[in-house]
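Student: heads up, no residue letters with this:
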């Protein structure tokens, strides 16, 4: 494609060729940049390699690309090819197989074309344009780092279409980029593994670079923190063609990224259809799965997502009675999702009473989403939005027998899904989930390319239009509820169909995976050196959730290099031979939560939560001062 594009988030790019020091400029010859997975490079981010070279821990000119991983971990990096004065065609980025010790499995390589979408306007609220559903005005990322042609969708090179092909076509003074995942098998042999990266075009070679991967003798736990996300089987999946096949592929893709899918179960037939996913058999080689967490079932199962099971009536309970025998016993949390964001609705309490009086008591709970103090909510599971999550309230509610989880994201409290925010915020959410007592983390949607809210604008082609979310409150959002892209599209979007009956990952999903894996690093490091591990995390994420005033900026870096450095420090604390089962991870992270100082509510938040008391106190003070003044004045006037 030849079209004018602009640049984005050049956090850590360095040139593959030796470039003389001096002002940033476009080089007349093509060259390659190697960047870590924490960078997001816009289409015209050219000629600035040296200004970022000291901030990238992955590679420097003249040296190999250096990666480090635990067993069962996926590490990633990007190869960005800059065209120079002339267009490039036939651009290939080939990574040879890593050498492997006989008898040990070699790392598995996957390559993706990074697809760019033009961001012309920001996520916002009308008329408060500085606000959005993803941030307060104080935490709003600047336009300079958000507008332009931004990469997000990742297309496997083997199925890259003519409209975003592999080998790449790159216009003059533009970039093309390849994302590379390197999956280290569970049984990989510790030590160095080597490969060779070759970048070329139809005009000749561009770069040849060695890649060194140091595999540490420690096993990364699967799903050390729990994230789960909904997908829409009725409005989103039909776009994908073969719906049953697409649904299975979506579950497997999310599972590869340590994320659970939340399916819609409204009948025994739905439960039967999803049973391979719910019992973990979908995540086995027999059913075509490759990746971490083999045969591990999801941690959550919902019945009647977003209140679809209806009112807590006998006929609805009869439906649940038919569904329940099909549900496996393995998931840790099975619940009726009674109602969404209606704190005063009687549905949640009604379902709780109905379930407590049924044969499902103790196994199936009632859940809803609500931004109020969970201690006063008559349900088993409260999912609190990130901007209203109060750690002390959550812990007290848990002590009383409730389960309290977090959902979505809002800067500066957490990272956000918005496309026009620093995408390392999703990585930060993994660190927050590990270091703060948030419970499970619910992401409201992953396939929101249909914009069917009240006030929505209808279906969009997410490969072209990033503004996919609107509502009747005046909110417009980019990339909200969209972590995967459609592999097949029919009219009117058939021009951007790939022919895959399934979904494609986004770079934001990769960032979420990176943060979840980092939580595993924290758990492993903490079992050996708790104080040192806690200090590393505290430096990187000094404040989050209710520790941060709503009118403050985000406390963690907007660059992936800082996270990579913290990860390396944690890796150094992990003893060889380390591994943790699910219970061990839970003990390690619960210890981290117990060791953290209890946050005092930020002053502004304290005032807002207690505004009536504060206003009353202020009024009394004014009255007292007025009375004193009047009394003194009366004495002066007395003859």
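Tutor: That came in fine, so what should we check first? This one's a predicted model, so the numbers in the text were calculated from it and none came from an experiment.
Student: any chance you could map the strands in the stretch 451-600 of the chain?
Tutor: Ranges of strands within the stretch 451-600 of the chain are 467-470, 475-478, 484-486, 503-505, based on DSSP state E, counting those that start in this stretch.
Student: of these, flag the one that's most buried.
Tutor: strand 484-486 (a mean of 26; mean count of other CB atoms under 10 Å). Using the backbone N, CA and C atoms, a C-beta is placed for each residue, glycine as well.
Student: identify the residues contacting that one?
Tutor: With contact meaning CB atoms under 8 Å, 6 or more residues apart in numbering, strand 484-486 is reached by 115, 153, 236, 239-240, 250, 253-254, 446-447, 449, 462-463, 497, 503-506, 509.
Student: try it again at 7 Å.
Tutor: Identification of contacts with strand 484-486 by CB atoms under 7 Å, 6 or more residues apart in numbering yields 153, 239-240, 250, 253, 446-447, 449, 462-463, 503-506, 509.
Student: now that strand: how far from the chain's centre is it?
Tutor: Relative to its chain's centre, strand 484-486 lies at 15 Å (CA atoms, centre = their mean, to the nearest Å).
Student: how many neighbouring residues does residue 581 have?
Tutor: Counted with other CB atoms under 10 Å, residues neighbouring residue 581 total 11.
Student: mean pLDDT and distance to residue 147 for the strands of the stretch 451-600 of the chain - can I get that in a markdown table?
Tutor: Compiled in a markdown table, the strands of the stretch 451-600 of the chain are given as follows (pLDDT from 0 to 100; distance: least, CB to CB, whole Å):
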| stretch | mean pLDDT | distance to residue 147 |
| --- | --- | --- |
| strand 467-470 | 97 | 13 |
| strand 475-478 | 97 | 11 |
| strand 484-486 | 98 | 21 |
| strand 503-505 | 98 | 24 |
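Student: TSV for those, including distance to residue 328?
Tutor: What follows is the strands of the stretch 451-600 of the chain, written out as TSV (distance: least, CB to CB, whole Å):
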stretch	distance to residue 328
strand 467-470	34
strand 475-478	35
strand 484-486	25
strand 503-505	24
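Student: which stretch among these comes nearest residue 282?
Tutor: strand 503-505 (15.1 Å; CB to CB).
Student: give me the helices and strands touching that closest one, please.
Tutor: strand 148-156, helix 243-256, strand 484-486 (3 or more CB pairs under 7 Å, 6 or more residues apart in numbering; DSSP states H and E).
Student: for residue 307, see how far away the nearest residue to residue 312 once chain neighbours are set aside is.
Tutor: In this structure, residue 312 finds its nearest non-sequential neighbour in residue 350, 3.7 Å apart by CB to CB, 6 or more residues apart in numbering. Remark: distance between residue 350 and residue 307 (CB to CB, to the nearest Å) = 12 Å.
Student: how about the helices in the stretch 301-450 of the chain?
Tutor: Assigned by DSSP state H, counting those that start in this stretch, the helices in the stretch 301-450 of the chain fall at 314-323, 347-356, 391-399, 424-435.
Student: adding distance to residue 63, mean neighbour count and mean pLDDT, write the ones you listed out as TSV.
Tutor: Output for those, formatted as TSV (distance: least, CB to CB, whole Å; neighbours: other CB atoms under 10 Å; pLDDT from 0 to 100):
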stretch	distance to residue 63	mean neighbour count	mean pLDDT
helix 314-323	57	15	96
helix 347-356	57	21	97
helix 391-399	43	17	97
helix 424-435	24	27	98
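Student: is it possible to get a markdown table of those helices that adds distance to residue 276?
Tutor: Below are those laid out as a markdown table (distance: least, CB to CB, whole Å):
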| stretch | distance to residue 276 |
| --- | --- |
| helix 314-323 | 16 |
| helix 347-356 | 26 |
| helix 391-399 | 32 |
| helix 424-435 | 27 |
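Student: quick one, which of the helices and strands packed on strand 503-505 is nearest to residue 412?
Tutor: Across the helices and strands packed on strand 503-505, closest to residue 412 is strand 148-156 (CB to CB), at 21.7 Å.
Student: name the residues that touch the closest one?
Tutor: Contact with strand 148-156 is made by 5-8, 40, 42-43, 110, 112-119, 164, 177, 179, 419, 463, 479, 485, 498, 504-508, as judged by CB under 7 Å, 6+ apart.
Student: so what does the helix or strand following that strand touch, helix or strand wise?
Tutor: Under the assignment DSSP states H and E, the closest C-terminal helix or strand after strand 148-156 is strand 168-170. Contacts defined by 3+ CB pairs under 7 Å, 6+ apart place strand 168-170 against strand 88-95.
Student: so which elements touch the strand it packs on?
Tutor: strand 74-82, strand 168-170, strand 175-183, strand 191-201.
Student: follow-up on the earlier one: looking at the helices and strands packed on strand 503-505, which one is packed in the most?
Tutor: Mean neighbour count (mean count of other CB under 10 Å) peaks for strand 484-486 among the helices and strands packed on strand 503-505, with a mean of 26.
Student: give me the low-pLDDT residue ranges for this protein?
Tutor: 1-27, 47-56, 599-639 (pLDDT under 70).
Student: report the central residue of it.
Tutor: Nearest to the geometric centre of the chain sits residue 512, at 3.3 Å (CA atoms, centre = their mean).
Student: just checking, that residue touches residue 424?
Tutor: No. Here residue 512 does not reach residue 424: they are 10.5 Å apart, not a contact under CB atoms under 7 Å.
Student: now do the SS call for residue 172.
Tutor: coil (DSSP: H, G, I helix; E, B strand; the rest coil).
Student: quick one, phi psi at it?
Tutor: phi -60, psi 140 (degrees, to the nearest 10).
Student: export the helices and strands packed on strand 503-505 to a markdown table and tack on distance to residue 555?
Tutor: Shown next, in a markdown table, are the helices and strands packed on strand 503-505 (distance: least, CB to CB, whole Å):
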| stretch | distance to residue 555 |
| --- | --- |
| strand 148-156 | 24 |
| helix 243-256 | 29 |
| strand 484-486 | 29 |
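Student: and the chain, what are its domains?
Tutor: Following automatic domain parsing, one finds the domains of the chain at 14-219, 227-505, 603-637.
Student: could you identify the longest strand within this protein?
Tutor: With secondary structure taken from DSSP state E, the chain has its longest strand at strand 204-219.
Student: what sits closest to residue 298 if chain neighbours are left out?
Tutor: residue 260 (4.0 Å).
Student: just residue 474 next, same as before
Tutor: Using CB to CB, 6+ apart and skipping the chain neighbours, the partner closest in space to residue 474 is residue 126 (3.7 Å).
Student: ok, residue 262 next?
Tutor: Per CB to CB, 6+ apart, closest to residue 262 is residue 230, 4.4 Å.
Student: shouldn't the one you found be in contact with residue 408?
Tutor: No. Residue 230 is beyond contact range of residue 408, at 11.3 Å (criterion: CB under 7 Å).
Student: identify the contacts common to the two.
Tutor: residue 444.
Student: hmm, back to that, tell me the buried residues in the longest strand of the chain?
Tutor: For strand 204-219, burial by neighbour count (16 or more other CB atoms under 10 Å) applies to 206-207, 209, 211-213, 215-219.
Student: swap in stretch 272-283?
Tutor: Result for stretch 272-283 [16+ other CB under 10 Å]: buried residues 273-274, 276-280, 282-283.
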